[in-house]
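*Asks:* My questions concern the predicted model and sequence given below.
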Amino acid sequence: MLKTLFTEFLNLIYPKTCVACGELLNKDEAFICLKCLYYLPKTNFHTQPDNIIEQRFWGKVPIVRATAFFRFQKGSPFQKLLHHLKYKGDKEIGQILGEYLALDLMSSDFAKFDIVVPVPLHRNKLKKRGYNQSEWIAKGIAEKLQKPLDTNTLFRAIENPTQTNKGVFERWENVEGIFEVKDYEAFKGKHVLLVDDVLTTGATIIACATAILKCEGASLSVATLSMA
């Protein structure tokens, strides 16, 4: 009772607002209001085999399925969600959106995977940021779909420069050979769902896939929060 009263008192002094639109949140809302969730520019690619994301990987790595939750639109209110998730420390946004993405996957054949794996950060960047945003997205998906989450087997062996502001060819060069797998038995015969925040050229995903698919009998699907 006292905790509830204290929380309500704090909300009066420091009202919580939606990261996307800036409107006041209801007590049952966190970070993003239901109105913004309703108008999220969702792709629904999880219901569309051979969608344009899957086509990005054709001839590069064998992907079972691939999807992005919503379209990235520069300057849109929804860009703020990704900015706060990645740079403002609001890691819980990743888990919340991951849970909503999972609800969509649950209603399709996309959810036929065994294990959820986030794209890893290098230990130095992880120490500097304090968290891996992709891990929080993966956590939301794994918990909602009751799938195991593996954050240790796939790792970033080389600390590469950021992909931001790099051209297509530079992105490919920047991530080539930087990911490795600690234990090949962990992914043996498993259908892995690889999770990231934003899909642009697909270079990072392909670099991860190359490492994962070295495991005997492993297969791979991809889910990201957004696509550029």
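*Replies:* Looks like it arrived, so ask away. All of these numbers come straight from a predicted model, not from anything done at the bench. Residues are numbered from 1 along each chain as shown.

*Asks:* now for the longest helix along the chain, which elements pack on it?
*Replies:* The residue-count maximum for a helix in the chain (DSSP state H) belongs to helix 92-106. Counting contacts by 3 or more CB pairs under 8 Å, 6 or more residues apart in numbering; DSSP states H and E, helix 92-106 packs against strand 66-71, helix 77-87, helix 133-145, strand 219-227. All C-beta spots, glycine's among them, are computed from the backbone N, C-alpha and C.

*Asks:* other SSEs contacting the following helix or strand past it?
*Replies:* Helices and strands here follow DSSP states H and E; after helix 92-106, the next one along the chain is strand 115-118. Contacting strand 115-118 under the criterion 3+ CB pairs under 8 Å, 6+ apart are the following elements: helix 133-145, strand 191-199.

*Asks:* could you redo those as CSV and give each row mean neighbour count, distance to K16 and mean pLDDT?
*Replies:* Putting those into CSV (neighbours: other CB atoms under 10 Å; distance: least, CB to CB, whole Å; pLDDT from 0 to 100) gives the following:
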stretch, mean neighbour count, distance to K16, mean pLDDT
helix 133-145, 23, 19, 98
strand 191-199, 23, 23, 97
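
*Asks:* for the ones you listed, which one sits closest to E54?
*Replies:* Closest approach to E54 among the helices and strands packed on strand 115-118 is made by strand 191-199 (11.1 Å; CB to CB).

*Asks:* now for the closest one, which elements pack on it?
*Replies:* By 3+ CB pairs under 8 Å, 6+ apart, strand 191-199 packs against helix 77-87, strand 115-118, helix 133-145, helix 203-212, strand 219-227.
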